[in-house]
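# Build me a model from this:
(chains A and B)
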Amino acid sequence: MAFDAIFQPIEIGNLTIRNRVVSTAHAEVHATDGGMTTERYVRYYEEKAKGGCGLCICGGSSVVSIDSPQGWWSSVSLATDRIIPHFQNLADAVHKHGGKIMIQITHMGRRSRWDGFNWTTLLSPSGIREPVHRSTCKTIEEEEIWRIIGDFAQAARRAKEGGLDGVELSAVHQHLIDQFWSPRVNKREDQWGGSFENRMRFGMEVLKAVRAEVGDDFVVGMRICGDEFHPDGLSHDDMKQIAAYYDATGQVDFFGVVGSGCDTHNSLANVIPNMSYPPEPFLHLAAGIKEVVSVPVIHAQNIKDPNQAQRILEGGYVDLVGMTRAHIADPHLIAKIKMGQVDQIKQCVGANYCIDRQYQGLDVLCIQNAATSREYLGLPHIIEKAEGARRKVVVVGGGPGGMESARVAAERGHDVTLFEAAEQLGGQITIAAQAPQRDQIAGITRWYQLELARLGVDLRLGTRADEATLLDLRPDIVVLATGGQPFLSQVPEWGYAENGEESLVVSTWDILSGKVAPGKNVLIYDAICEFSGVSAADYLADKGAKVEIVTDDIKPGAAVGGTTFPTYYRSLYEKEVIMTSDLALHKVYREGDGLVAVLENEYTGALEERVVDQVVVENGVRPDEALYYALKAQSRNKGQVDLEALYAIQPQPCLSEEGDGFLLFRLGDCTAPRNTHAAIYDALRICKDF
Amino acid sequence: MLETLLPILIFAALGVAVVGAWRRVRLWRQGRPSAVPLLKGLAALPRRYLVDLHHVVGRDKVISNTHVATAGGFVAAAVLMILVHGLDLGASEGWGGVLGWLLLAASACMFMGSLFVARRRRHPPARLSKGPWMRLPKSLMAFSLGVFLVTLPTVGILPAGFGSWVLALALAAVVGWGLAEMVVGMTWGGPMKHAFAGALHLAFHRRAERFGEGNRSTGLKALDLENEAASLGVETPADFTWNQLLGFDACVQCGRCEAVCPAFAAGQPLNPKKLIQDMVVGLAGGSDAGYAGSPYPGKPVGEHHGSPHGPIVGRGGKALVDAETLWSCTTCRACVEECPMMIEHVDAIVDMRRFLTLERGETPNKAPEVLDNLIATDNPGGFAPGARMHWAADLNLPLMADLQQVDVLLWLGDGAFDMRNQRTLRALVKVLRAAKVDFAVLGNEERDSGDVARRLGDEATFQSLARRNIATLAKYHFQHILTCDPHSFHVLGNEYGELGGDYRVYHHSTYIAELHDAGRLTFAPWKGGSVTYHDPCYLGRYNGEYEAPRRVLEALGITLNEMQRSGFRSRCCGGGGGAPITDIPGERRIPDMRMNDVKESGAGLVAVGCPQCTAMLEGVVDASAEVRDIAELVADALVAAPSEETAARHRPRAVEVA
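All right, here's what the predicted structure looks like:
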């Protein structure tokens, strides 16, 4: 039987999990109202359970004490009995579909922020500052230690009384338990620090107190790190010793293992490996822990594909695989495996839009699935066929917004034609995927290609749609998602000309798409600081160019998320790319065979020059509005979107109004340059009611 | 002159026929013994012929009426002819005159019938055998016309001794021709053999229990594995029981079997009619060169030969039949269902497969692996026996071992290992729970029913599985067994009895229909498109259940677009009898043809009630219709309890499959 290793149930403690796939604990950031789970939260997990996920461990970093701040990431608070009825809703919603649900509980110690909400004084074994959150803290006192141990026990009781199936004690990501473990952070000389037993003591007392509170018929697991990857931190052998030590108590029902510590930006990037990492990069660490423990081991980190999961489980490296981002991209992953629809699984591409939003305190969303975590609004993961008339829908533009529009309209049962000027689908995704380490972003396009083929969308590739072609099709609805062009003409002094021979500057698109050959000595001016600038720098350096990337912003790549900029920096520094901030591109002129870029200091106005042979400018996208204005006047709705309906996830009123002619909608960058998720979200919420 | 010639001709013909009959009987008696009650059988013959057989023949009204006229006319004419012309009781005075008139009427009736026979032979459909059968209408006419003419003087319409001796001789020759075909041919061979062999076949049929209103007998008969004197299964024609040989001899080569055989239609090397004719060749010895019907696709006629005690399937080289012919059969019973002579093709095929599998170990392609799996793991897929319940890890299904006593024992079948069928099973569990049925499962105590092993000829593995299942079932108390697998349904219900397991078994469609009738299930109105229903062979032809699935679909609010071939004429999906495992190549795939039937019905969804049919039909590339089990359709339509309704307010509907 295909995927039999995935579908082998397993016992964790007294609990039978229906398959080997886990949505591991992550901060949802849409959890809560003052730490209480909301309908949004419940629906988000219910969808995973409905989709067949075996075990959900919700609530990454859910706090047990009021001095572990909950507000920054809207996490769940188990510090009060108020949470119990909320848990009952959550448990019912998941159990109804045969899933199991546990929650991660923790005290984060120093790993938080203090400058808000209760203005908490953060705690840590030895009062050492944490760099990722720039957080300072006090040295924890004996009384506080015992209070927090009691808080853990009470939190576990609340989880049990709320009907959840278990708790996972977080001793990973440098939370309080592993702050005590790690000699890097724990410099104490009392019974809570120093020797191995002393450093273990806090976690052991937590475990004992929790077990004493909940008894034997409730699952208690621990999530631990496989190796902190710091010379002064816990090594893999240390972690094996720790795991064996706790396992020997017989009181731990499972271990979750995460490769890498994460109290620096660079190690944090390992924890949620982005698309630049190979598959399951830290499996060996989890397998090492499995060697020394007697209970099931769960491991997540870049396990996205059912074949990969099957291979890992079949190999016996671990007992359960975490497919957490995989479920964010497609909560029906398991159902699709069972339906024999593996090709229809929307696979996580490792863009880390989800986690990078989380680190900014924003709700976790998927770059390519706009329904995820919006289930409570009624946004569907599975689009139902329309009951009304079959409409002729014409989509212009094969980027993410256009592809999603075509998919959704076709799922609704309409007759869909999609025009794309390029020879292939993808739009800007195709360009983005050319950069080193970024090829997997093309997975977004791959899924749409398969879906549009399955749905029988009439693809007109290599065809630039004009007004006449469109109207010849006698469309009922036209969706414009024509994107835009690099905005190089904003500053005339840059010397941009439409004729490439005459232009003094080229765009990152020109470079990444291969349209313009890489120079030897290149200045990249990046006014945007997102992926495209650093991608172009990485690409050019990879081709052997000497590269300086300059921005007038705080730092090149400043708008790239927290788990992704480190992997760019690793590559850029290694290739000796110079990163310069605070300089704006003032002017470019030709001198002899070369170009002179004049840069102006943002803060002093001082000018400096670079002599280079190529100037690449990243200044964002200018919407391509020509077709929109050609069609607007003729359309029934004059191209207008009803915002009330849009934001309320209601059908656009014009869809149900009678009239002649076509409806016109535009979305994505051809309206205003935003991002992939924005284009896909607009496409879904507009087209779902066609 | 005729008065002299006719009695001689008649009694000579009868005499030669008796010698022929003796010879024919000797041929049949080469077969193994079979305990059938001879006198009781003969006594039952008229009813079996007039009711049971004509029920089948009557499906084609023209042919049926033709046969009534011709055969009825002939039987009457033959008897009267013996009386009138043979024994000279046709004196025009008294009753004798009446006999003459009756003889005239009978022969006229027969002549009318023969005209229709002749008409059909003008442009015979491909399924009909040609050869000697093409002369039959002429022979019928010769007999009937000859008898008519020679009887005219008897009743005084023509003067006695009319015409010259030349005419008398000519008439005698015509009657002689008729007698040779109709009387001598009956026992010596020729088209009319079917009357003699057919009548005795009906009387001594190996499945006496299939006759009578509403009766059916479709379970394979157990093989005596302990009998050391006989080889297991059928190696030579003489290894069949004598009444099976007799049955083969009754074939009229009408080709109704050929017309419905899915393997034949797929271009696989099987033609049920040819197979039966090959057995006839085998029982007398000789070559198939005289066969005048459609060959096995891809196998020219005239290259095979056999003898009563020679092997049917040669060991390397050709004998009577090639092994792949036997392995092409899906055991769908369409041939048996259509056969007007009530021949049991499937029994014969399985008998021959038994020999190939048990004595020679020559089960082809993937079949040995499947049989090894069954022996080692009690399931055909070779899955870990302990994995049987993995699909239901989150359903908390009650186990018989815990409950001991329930109303319904839910038999899962080996679909429990199949991801597709697991959806059906989950749907069925949902339905049972909605109707609050008291049920439990055997869990890991369940074993494969043995269906595939048995149909692949591995009777030993079948009996081993069956006996162990029966022993397991004997530990518990339950009213019924319920299953969504028609193969399990058939085997448990019809084939375990002989081994000591008697159960009341329900197919889920029947059970759901009863639950709905009892008001225990409420359905939301059907919102989908057009639907057709595919009758699984093992539910329909094997068990006669055509109505319940249709009643359930109707209750769901579905109006069926019936396929042209549905009900007892449903076309097999290709999945039965181990055919997907032995996988004999043809020109087309059977499920593709069936899916085309679905397409022609215009339905966008085909409802099924069998895991095997589901698998075969879903395996069709570019299928025009979705395949859903009835249980899934019912589960989807269940009206949820009000509390769930509220909770589902914001939820998009998704296919629940996990």
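# then stretch B:16-33 to PDB, C-alphas only?
Extracted in PDB, the C-alpha atoms of stretch B:16-33 (Å, rounded to 0.1, in the frame of the first residue of the first chain):
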ATOM      1  CA  VAL B  16     -29.700 -45.900 -35.700                       C
ATOM      2  CA  ALA B  17     -30.600 -43.100 -33.200                       C
ATOM      3  CA  VAL B  18     -30.700 -45.600 -30.400                       C
ATOM      4  CA  VAL B  19     -27.300 -46.900 -31.300                       C
ATOM      5  CA  GLY B  20     -26.100 -43.300 -31.500                       C
ATOM      6  CA  ALA B  21     -27.600 -42.500 -28.100                       C
ATOM      7  CA  TRP B  22     -25.900 -45.500 -26.600                       C
ATOM      8  CA  ARG B  23     -22.600 -44.300 -28.100                       C
ATOM      9  CA  ARG B  24     -23.300 -40.700 -26.800                       C
ATOM     10  CA  VAL B  25     -24.100 -41.900 -23.400                       C
ATOM     11  CA  ARG B  26     -20.900 -43.900 -23.300                       C
ATOM     12  CA  LEU B  27     -19.000 -40.700 -24.100                       C
ATOM     13  CA  TRP B  28     -20.600 -38.800 -21.300                       C
ATOM     14  CA  ARG B  29     -20.000 -41.600 -18.900                       C
ATOM     15  CA  GLN B  30     -16.300 -41.200 -19.300                       C
ATOM     16  CA  GLY B  31     -16.700 -38.400 -16.800                       C
ATOM     17  CA  ARG B  32     -16.400 -38.700 -13.000                       C
ATOM     18  CA  PRO B  33     -19.400 -39.800 -11.100                       C
END
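# Just give me how far it sits from the chain centre.
Its chain's C-alpha centre and that of stretch B:16-33 lie 26 Å apart, by CA atoms, centre = their mean, to the nearest Å.
# which residues are in contact with that stretch?
With contacts defined as CB atoms under 8 Å, 6 or more residues apart in numbering or on different chains, stretch B:16-33 is touched by B:183-184, B:186-189, B:193, B:196-197, B:230, B:237-246, B:249, B:283-284, B:308-309. For glycine as for every other residue, the C-beta is placed from the backbone atoms N, C-alpha and C.
# tell me which element the residue of the stretch 351-500 of chain A found nearest chain B falls in.
Nearest to chain B, among the residues of the stretch 351-500 of chain A, is A:P380, at 3.5 Å (CB to the nearest CB). Assessed by DSSP states H and E, A:P380 sits outside every helix and strand.
# Would you mind listing what in the stretch 551-690 of chain A touches chain B?
Counting by CB under 8 Å from any CB of the partner chain, no position of the stretch 551-690 of chain A is adjacent to chain B.
# And the strands in the stretch 551-690 of chain A?
Ranges of strands within the stretch 551-690 of chain A are A:578-580, A:583-591, A:594-601, A:607-612, A:614-618, A:621-623, A:663-666, based on DSSP state E, counting those that start in this stretch.
# and the ones you listed, which is most packed in?
When those are scored by mean count of other CB atoms under 10 Å in any protein chain shown, the highest mean neighbour count falls to strand A:614-618 (a mean of 28).
# backbone phi and psi for A:P486, please?
In terms of degrees, to the nearest 10, the main-chain angles of A:P486 are phi -50, psi 140.
# so what's it up against?
Going by CB under 8 Å, 6+ apart, A:P486 touches A:507-510, A:617-622.
# Rebuild the residues you listed as JSON lines, extending it with pLDDT.
As requested, the contacts of A:P486 are arranged in JSON lines below (pLDDT from 0 to 100):
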{"residue": "A:S507", "pLDDT": "97"}
{"residue": "A:T508", "pLDDT": "98"}
{"residue": "A:W509", "pLDDT": "97"}
{"residue": "A:D510", "pLDDT": "97"}
{"residue": "A:V617", "pLDDT": "98"}
{"residue": "A:E618", "pLDDT": "97"}
{"residue": "A:N619", "pLDDT": "97"}
{"residue": "A:G620", "pLDDT": "96"}
{"residue": "A:V621", "pLDDT": "96"}
{"residue": "A:R622", "pLDDT": "97"}
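# of those, closest to chain B?
Proximity of those to chain B (CB to the nearest CB) peaks at A:V621, which lies at 32.6 Å.
# which SS class is the closest residue to chain A within the stretch 301-450 of chain B?
Closest to chain A within the stretch 301-450 of chain B is B:D394: 3.0 Å, counting by CB to the nearest CB. Using DSSP: H, G, I helix; E, B strand; the rest coil, the structure places B:D394 in coil.
# which non-adjacent residue is nearest it?
Excluding its sequence neighbours, the residue lying closest to B:D394 (CB to CB, 6 or more residues apart in numbering or on different chains) is A:G98, at 3.0 Å.
# Surely the one you found and B:L395 touch.
Yes. If you go by CB atoms under 8 Å, A:G98 and B:L395 touch, sitting 6.6 Å apart.
# If you count surrounding residues, which of these two has more?
Between A:G98 and B:L395, A:G98 has the larger neighbour count (other CB atoms under 10 Å in any protein chain shown), namely 21 against 16.
# Can you pull the residues of the stretch 351-500 of chain B lying near chain A?
Residues of the stretch 351-500 of chain B found near chain A (CB under 8 Å from any CB) are B:381, B:383, B:387, B:390-391, B:393-395, B:417-420, B:422-423.
# Redo these as JSON lines? Include pLDDT and secondary structure.
Converted to JSON lines, these look like this (pLDDT from 0 to 100; DSSP: H, G, I helix; E, B strand; the rest coil):
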{"residue": "B:G381", "pLDDT": "94", "secondary structure": "coil"}
{"residue": "B:F383", "pLDDT": "94", "secondary structure": "coil"}
{"residue": "B:A387", "pLDDT": "93", "secondary structure": "helix"}
{"residue": "B:H390", "pLDDT": "94", "secondary structure": "helix"}
{"residue": "B:W391", "pLDDT": "94", "secondary structure": "helix"}
{"residue": "B:A393", "pLDDT": "93", "secondary structure": "coil"}
{"residue": "B:D394", "pLDDT": "94", "secondary structure": "coil"}
{"residue": "B:L395", "pLDDT": "94", "secondary structure": "coil"}
{"residue": "B:F417", "pLDDT": "94", "secondary structure": "helix"}
{"residue": "B:D418", "pLDDT": "93", "secondary structure": "coil"}
{"residue": "B:M419", "pLDDT": "91", "secondary structure": "helix"}
{"residue": "B:R420", "pLDDT": "93", "secondary structure": "helix"}
{"residue": "B:Q422", "pLDDT": "95", "secondary structure": "helix"}
{"residue": "B:R423", "pLDDT": "94", "secondary structure": "helix"}
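# Check the residues you listed and tell me the two furthest apart.
Based on CB to CB, the longest span within those runs between B:G381 and B:D394 and measures 21.8 Å.
# Same drill for the two, tell me which one is more crowded.
Neighbours per residue (other CB under 10 Å) separate B:G381 from B:D394, with B:D394 holding more: 21 against 17.
# how about that one, what does it touch?
A:16, A:18, A:98-99, B:658.
# now the residues you listed in JSON lines, with pLDDT and secondary structure?
Shown next, in JSON lines, are these (pLDDT from 0 to 100; three-state DSSP):
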{"residue": "A:T16", "pLDDT": "96", "secondary structure": "strand"}
{"residue": "A:R18", "pLDDT": "96", "secondary structure": "coil"}
{"residue": "A:G98", "pLDDT": "94", "secondary structure": "coil"}
{"residue": "A:G99", "pLDDT": "97", "secondary structure": "coil"}
{"residue": "B:A658", "pLDDT": "41", "secondary structure": "coil"}
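# Which of those residues lies at the shortest distance from B:G500?
Nearest to B:G500 among those is A:T16, at 36.0 Å by CB to CB.
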